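> sequence first, then the predicted structure:
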Amino acid sequence: MKNLISLLIAALLFSCESIPENTIALDLHVTNPQGSLVKLEKVWDKGVIVQDSFMLDAEGKYSGRVEVTEPTFFRLNISERQYVNLILTDTDVKVVASGDQANGDAEVTGSVDTEYLTSARESAKRFQENVQMLQAEFVQARSSGDMETVQGIQSQFVYLQNKNTSELKEMIWSMNNSIAAVFAVSYFQDEEAVFPFLDSLARRFETALPNSPYTASIVAKVNAMAVTAIGSVAPDIKLPSPEGDDLALSSLRGKYVLIDFWAAWCRPCRVENPTVVKAYNRFADKGFEVFGVSLDRKRDDWLGAIAADGLPWKHVSDLKYWNSEAAKRYKVSAIPATFLLDPEGRIIAKNLRGEALTAKLEEIFG
């Protein structure tokens with residue numbers, strides 16, 4: 001009896017030691033394999049790293065253990081034909097995939113975090129399908145001159161967008177600190193519009209997963225957005241004026257200021273200029289100023305456009321094109337781009353163009 005007990009204890013110890021620490025079981029079945037090599041790739045901000053690789057058997061199956069030291073976003077690269085996204089934590093996972101095409105069928109069980117990610121992706125897909133339907137109806141109504149229907153479709157789009165944003169926020173917040181949330185935020189149509197939500201999410205991850213690289217990613221993203229978020233004090237800009245003197249944005253405190261990123265070579269900017277001129281002439285005496293930041297490369301082009309378009313406000317430029325220090329600081333990647341500041345220098349609106357700019361100034365000045 002004593003020897004039997006010893007053997008049982010030894011067997012138990014051996015079985016425990018045979019399972020490596022920080023690993024989970026991965027069972028994979030590829031129903032229509034186009035090859036036998038499968039790579040387990042770790043997905044990071046800076047790219048993809050192959051963590052492991054293995055071969056499918058004759059039936060397209062693989063069973064083994066993979067190392068997972070913390071919640072991590074992976075993808076299964078099945079013979080370079082199909083990619084299956086996975087979030088692996090501390091639970092065993094089973095995957096059934098077709099393996100024969102990029103968007104082939106795939107079913108993942110055992111990973112709640114992967115289910116979160118799949119739900120967010122499917123929600124985004126439904127939204128895009130609805131938007132495409134509205135766009136088709138919009139084009140048809142506009143081509144037939146049915147402006148009443150056009151306006152109705154525009155209202156439907158706004159409603160659909162607001163509904164999608166609300167549902168996505170609720171979905172992400174309910175993911176219980178899953179790193180799926182970090183990837184799901186990419187499905188927001190306008191991340192700047194939900195900045196307060198993203199900021200709260202980042203702070204939540206700082207508490208729940210302080211050492212995770214995915215926490216570092218979303219915190220860095222939010223911190224970068226905070227620089228020009230609604231409610232933030234606008235970063236100062238100090239660049240040469242047409243006269244050659246340095247002019248600082250901060251020197252205009254006490255007025256409502258429209259920072260206008262533009263260029264002589266930018267056709268949409270030039271088309272927008274008459275609207276801004278009209279707004280400036282109407283509200284300048286009430287405390288409105290425009291601070292034009294040119295992304296031109298040639299001084300003559302810059303000054304020529306100012307004269308040709310009759311732009312009577314403050315202008316600055318370092319003539320560095322897209323390498324403009326101001327454009328980098330404000331993360332401007334397309335022009336025209338505008339930021340409206342209150343008298344304390346806080347950003348109160350962005351990218352106001354046409355009637356939207358006039359309406360906002362009327363709201364402010366009456």
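Alright, I've got the coordinates. Residues are numbered from 1 along each chain as shown.
> quick one: buried residues of the helix or strand Ala307 falls within?
Taking DSSP states H and E as the definition, one finds Ala307 inside helix 299-309. Residues 302-303, 305-306, 309 are the ones in helix 299-309 that count as buried (16 or more other CB atoms under 10 Å). (Each C-beta comes from the backbone N, C-alpha and C, glycine too.)
> can you check stretch 179-194 too?
Within stretch 179-194, judged by 16+ other CB under 10 Å, the buried ones are 179-185, 187-188, 194.
> same check on stretch 104-124?
Neighbour-count burial for stretch 104-124, with 16+ other CB under 10 Å as criterion, is recorded at 104, 106, 108, 110-111, 113-118, 120-121, 123-124.
> got it, and stretch 23-33?
24, 26, 28-30, 33.
> and which of the residues you listed is nearest Lys39?
The closest of the buried residues of stretch 23-33 to Lys39 turns out to be Leu28 (CB to CB; 11.7 Å).
> okay, and the beta partners of that closest one?
With DSSP bridges as the criterion, Leu28 is bridged to Tyr62, Val95.
> so it sits against Leu76, correct?
Yes: proximity of Leu28 to Leu76 meets the contact threshold set by CB atoms under 8 Å, at 7.1 Å.
> anything in contact with each of these two?
Counting by CB atoms under 8 Å, 6 or more residues apart in numbering, the contacts common to Leu28 and Leu76 are 38, 95, 97.
> wait, the last one touches Gln34, no?
When you say that, I think you mean Ala97. No: if you go by CB under 8 Å, Ala97 and Gln34 don't touch, sitting 11.3 Å apart.
> neighbour count winner among these two?
Ala97 (24 against 15; other CB atoms under 10 Å).
> excluding its backbone neighbours, what's nearest the more buried one?
Spatial nearest neighbour of Ala97, chain neighbours left out: Ala106 (4.2 Å); criterion: CB to CB, 6 or more residues apart in numbering.
> which ones are touching the one you found?
Under the contact definition (CB under 8 Å, 6+ apart), the residues listed for Ala106 are 82, 84, 95-98.
> could those residues go into JSON lines alongside pLDDT and distance to Phe339?
JSON lines is the format used below for the contacts of Ala106 (pLDDT from 0 to 100; distance: CB to CB, whole Å):
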{"residue": "Gln82", "pLDDT": "95", "distance to Phe339": "44"}
{"residue": "Val84", "pLDDT": "95", "distance to Phe339": "42"}
{"residue": "Val95", "pLDDT": "97", "distance to Phe339": "47"}
{"residue": "Val96", "pLDDT": "97", "distance to Phe339": "50"}
{"residue": "Ala97", "pLDDT": "95", "distance to Phe339": "47"}
{"residue": "Ser98", "pLDDT": "94", "distance to Phe339": "48"}
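> just the buried subset of these, please.
Counted by 16+ other CB under 10 Å, these give 82, 84, 95-98 as buried.
> could you point out the longest helix of the protein?
In the chain, with assignment by DSSP state H, the single longest helix is helix 112-143.
> quick one, helices of the stretch 51-200 of the chain?
Using DSSP state H, counting those that start in this stretch, the helices found in the stretch 51-200 of the chain span residues 112-143, 147-173, 180-184, 195-208.
> centroid-nearest residue for this protein?
Ser186 (4.3 Å; CA atoms, centre = their mean).
> give me the pLDDT value at that residue.
As predicted, Ser186 sits at a pLDDT of 92.
> equivalent analysis for Ser178, please.
96.
> what of the one 5 residues further on?
Listed pLDDT for Phe183 reads 93.
> correct me if wrong: it contacts Leu117.
Yes: proximity of Phe183 to Leu117 meets the contact threshold set by CB under 8 Å, at 6.1 Å.
> count of neighbours near the residue lying closest to Val277 once chain neighbours are set aside?
Leaving aside its sequence neighbours, Val277 sits nearest to Gly310 (CB to CB, 6+ apart; 6.2 Å). By the criterion of other CB under 10 Å, Gly310 has 10 neighbours.
> gap between Ile87 and Gly104?
Distance, Ile87 to Gly104, using CB to CB, to the nearest Å: 20 Å.
> then Lys314?
From Lys314 over to Gly104 (counting by CB to CB), the distance is 57 Å.
> returning to what we had before: turn the buried residues of stretch 23-33 into a markdown table, columns for pLDDT.
Output for these, formatted as a markdown table (pLDDT from 0 to 100):
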| residue | pLDDT |
| --- | --- |
| Ile24 | 95 |
| Leu26 | 96 |
| Leu28 | 96 |
| His29 | 97 |
| Val30 | 96 |
| Pro33 | 93 |
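> now those as JSON lines including distance to Ala263?
Converted to JSON lines, the buried residues of stretch 23-33 look like this (distance: CB to CB, whole Å):
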{"residue": "Ile24", "distance to Ala263": "54"}
{"residue": "Leu26", "distance to Ala263": "53"}
{"residue": "Leu28", "distance to Ala263": "53"}
{"residue": "His29", "distance to Ala263": "56"}
{"residue": "Val30", "distance to Ala263": "52"}
{"residue": "Pro33", "distance to Ala263": "53"}
